[in-house]
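**Q** Fold the following and give me the result.
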Amino acid sequence: LAVAREALTATRENLERAKRNREWMASRAKLELADQSDLLQGEAALAAREMELQTAVDEERAAARVFNSMRGLEAVDVGEKLVVINEDLIRALVVPVKGDLRADAKASEQQARAAKASAQVGAEASRPTVDLFASAGLNGRDPASSQAISESLTMNYPNYTVGLRVSVPLQQGIASQAREGYRVQAEGSELQFRRKVFESEREWVDLQNRFNEGKQRLTLANKLERAQKAKLDTERLRHRRGRTTTAQVIMFEQDYANAQLSRIRLEAEVLGIYSQMKTFGGAQ
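**A** Coordinates of the predicted model:
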């Protein structure tokens, strides 16, 4: 949203310059000091700037809706003043400290552990089982019920049961295949976790390179924008003195506008990369 607002501000400035340029050419054409084609070129440039402004307004409104949605708000507009994105802010950004594992890698690790435990349970279920059991009881043998109950509370007529229960699958081949399948399942989950860690490390290195390269490109973009601004101001002064054409001034204005938007896009790119790097945990 901050980047969209900066783009909107730059587009409004370009529109104001186009308006002043068009008014100046209209006054010169009225005094027959300039050709009608110069006025038409100014009007065309003004229409183009108005279209660019409308696009910037729409993008800023869309970014505001997304910003409010992420905060759980139904409002369309954002009344808060945001941090201004500029060269100093981007230059002050440093690579965040990386944690041990990113959140998705940690989740993959837990999934691998769960799959391994589930596979172990399944494999054990297909193995032969041996159960040892024993039981003991007290009995009464008197024909009279009351006396039999009394005898059942003594050790006169105890009974004991001891046994061994063995359960063996008849289809040993199928059981062996099932155990092998569980083993492969656990191994596959472990390999997926290792792959996730590998990809995470590779992505971290790639983000570091892109972050540093983006900051370097942004420095060059700022230098280009300042050069285009100086070129435009010089050409506008030459135009007022009648030493250049209107088409040349309009072309230089477009070059300056493109340089501004290029710099803003690079700012958004660097901030996006920095946001992705912060997902790796650690101290920020």
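**Q** Run a quick neighbour tally on the closest residue to residue 36 other than its chain neighbours.
**A** In this structure, residue 36 finds its nearest non-sequential neighbour in residue 29, 6.0 Å apart by Cβ to Cβ, 6 or more residues apart in numbering. Quick note: C-beta positions are derived from backbone N, CA and C, even for glycine. Close neighbours of residue 29, defined as other Cβ atoms under 10 Å, add up to 17.
**Q** Return the residues in contact with residue 29.
**A** Going by Cβ atoms under 8 Å, 6 or more residues apart in numbering, residue 29 touches 35-36, 38-39.
**Q** residue ranges of the helices in the stretch 1-150 of the chain, please?
**A** Along the stretch 1-150 of the chain, the segments classed as helices by DSSP state H, counting those that start in this stretch run 2-30, 36-70, 87-92, 103-125, 145-151.
**Q** Let's test this: mean pLDDT of the shortest one, rounded?
**A** So the one you mean is helix 87-92. Averaging pLDDT along helix 87-92 yields 84.
**Q** Surely residue 129 touches residue 167?
**A** Yes - between residue 129 and residue 167 there is a contact under Cβ atoms under 8 Å: 4.6 Å.
**Q** mind checking the longest helix of this protein?
**A** Longest helix in the chain, counting residues (DSSP state H): helix 172-240.
**Q** Quick check: next helix or strand after that one?
**A** Once helix 172-240 ends, the next helix or strand along the chain (criterion: DSSP states H and E) is helix 246-278.
**Q** Now do the closest residue to residue 3 other than its chain neighbours, the pLDDT please.
**A** Nearest-residue entry for residue 3: residue 268, 4.4 Å, with adjacent residues in sequence omitted and distances by Cβ to Cβ, 6+ apart. Residue-level confidence at residue 268 comes out at 89, pLDDT.
**Q** I'd say residue 268 and residue 1 touch.
**A** No - with contacts defined as Cβ under 8 Å, residue 268 does not count as touching residue 1, sitting 10.5 Å away.
**Q** and the residue lying closest to residue 262 once chain neighbours are set aside, how many residues sit next to it?
**A** For residue 262, ignoring the flanking residues on the chain, the nearest one in space by Cβ to Cβ, 6+ apart is residue 221 at 5.6 Å. Per other Cβ under 10 Å, the neighbour tally for residue 221 reads 21.
**Q** pretty sure residue 221 contacts residue 268?
**A** No - with contact defined as Cβ under 8 Å, residue 221 does not reach residue 268; the gap is 11.9 Å.
**Q** List of residues touching the lowest-mean-pLDDT helix or strand in the chain?
**A** Scoring the helices and strands of the chain by mean pLDDT, DSSP states H and E places helix 145-151 at the bottom, with a mean of 77. With contacts defined as Cβ under 8 Å, 6+ apart, helix 145-151 is touched by 139-142, 157.
**Q** Format the residues you listed as CSV; extra columns: neighbour count and distance to residue 241.
**A** Listed next are the contacts of helix 145-151 as CSV, based on neighbours: other Cβ atoms under 10 Å; distance: Cβ to Cβ, whole Å:
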residue, neighbour count, distance to residue 241
139, 12, 126
140, 17, 129
141, 10, 132
142, 14, 134
157, 14, 129
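**Q** Out of the contacts of residue 29, which end up buried?
**A** Buried residues within those, defined by neighbour count using 16 or more other Cβ atoms under 10 Å: 38-39.
**Q** just curious, which of the contacts of residue 29 is nearest to residue 57?
**A** Closest approach to residue 57 among the contacts of residue 29 (Cβ to Cβ): residue 39, at 26.8 Å.
**Q** Distance-wise, check that closest one relative to residue 22.
**A** 8 Å (Cβ to Cβ, to the nearest Å).
**Q** Also residue 277?
**A** 45 Å.
**Q** what about the chain, any weak spots by pLDDT?
**A** By pLDDT under 70, the weakly predicted segments of the chain are 33-34, 282-284.
**Q** Just give me the neighbour total for residue 196.
**A** Number of residues near residue 196 (other Cβ under 10 Å) recorded here: 20.
**Q** just checking, it touches residue 105?
**A** Yes - the criterion here is Cβ under 8 Å, and residue 196 meets it with residue 105 at 5.0 Å.
**Q** if I pick the nearest residue to residue 196 once chain neighbours are set aside, what's in contact with it?
**A** In space, residue 196 comes closest to residue 108 once its chain neighbours are excluded; the distance is 4.2 Å by Cβ to Cβ, 6+ apart. By Cβ under 8 Å, 6+ apart, the contact set of residue 108 is 192-193, 196-197.
**Q** That concludes my questions; thank you for your assistance.
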